[in-house]
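> Any chance you could fold what I've pasted below:
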Amino acid sequence: MAAKTITVKLKKSVIGGTEKQIACVKGLGLGKTNSKRTLENTPAVRGMIKKVIHLVEVVEEK
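Presented below is the predicted three-dimensional model:
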């Protein structure tokens, strides 16, 4: 059975964000605005998304 995944899209720029927020966005593999990544649904990924939820759009997949 395949692991559940999450697609994350960067909707807003990290300019003006804190160092931790910028590090979380880079850790998620996002660079420029509108970039997308499909990641495994793990507690670590969920925690990083929670720190920058105001900057990203999240879509859960099966």
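
> all helices in the protein, in order from the N-terminus.
19-27, 43-51 (DSSP state H).

> Which other helices and strands does the first one contact?
Counting contacts by 3 or more Cβ pairs under 8 Å, 6 or more residues apart in numbering; DSSP states H and E, helix 19-27 is packed against helix 43-51. All C-beta spots, glycine's among them, are computed from the backbone N, C-alpha and C.

> ok now do residue 60, which residues does it touch?
Shown in contact with residue 60 (Cβ atoms under 8 Å, 6 or more residues apart in numbering): 4, 6, 41.

> hmm, try it at 7 Å
Taking Cβ atoms under 7 Å, 6 or more residues apart in numbering as the contact definition, residue 60 lies against residue 6.

> Roughly how far does it sit from residue 51?
18 Å (Cβ to Cβ, to the nearest Å).

> Compare the helices of the chain and give me the one nearest residue 13.
helix 19-27 (9.6 Å; Cβ to Cβ).

> Give me the buried stretch members for the closest one, please.
For helix 19-27, burial by neighbour count (16 or more other Cβ atoms under 10 Å) applies to 21, 24, 25.

> go on, stretch 34-47?
Judged by neighbour count using 16+ other Cβ under 10 Å, the buried positions of stretch 34-47 are 37, 39, 45.

> Would you agree the last one is in contact with residue 39?
Same thing as residue 45. Yes. In terms of Cβ atoms under 7 Å, residue 45 counts as a neighbour of residue 39; the distance is 5.1 Å.
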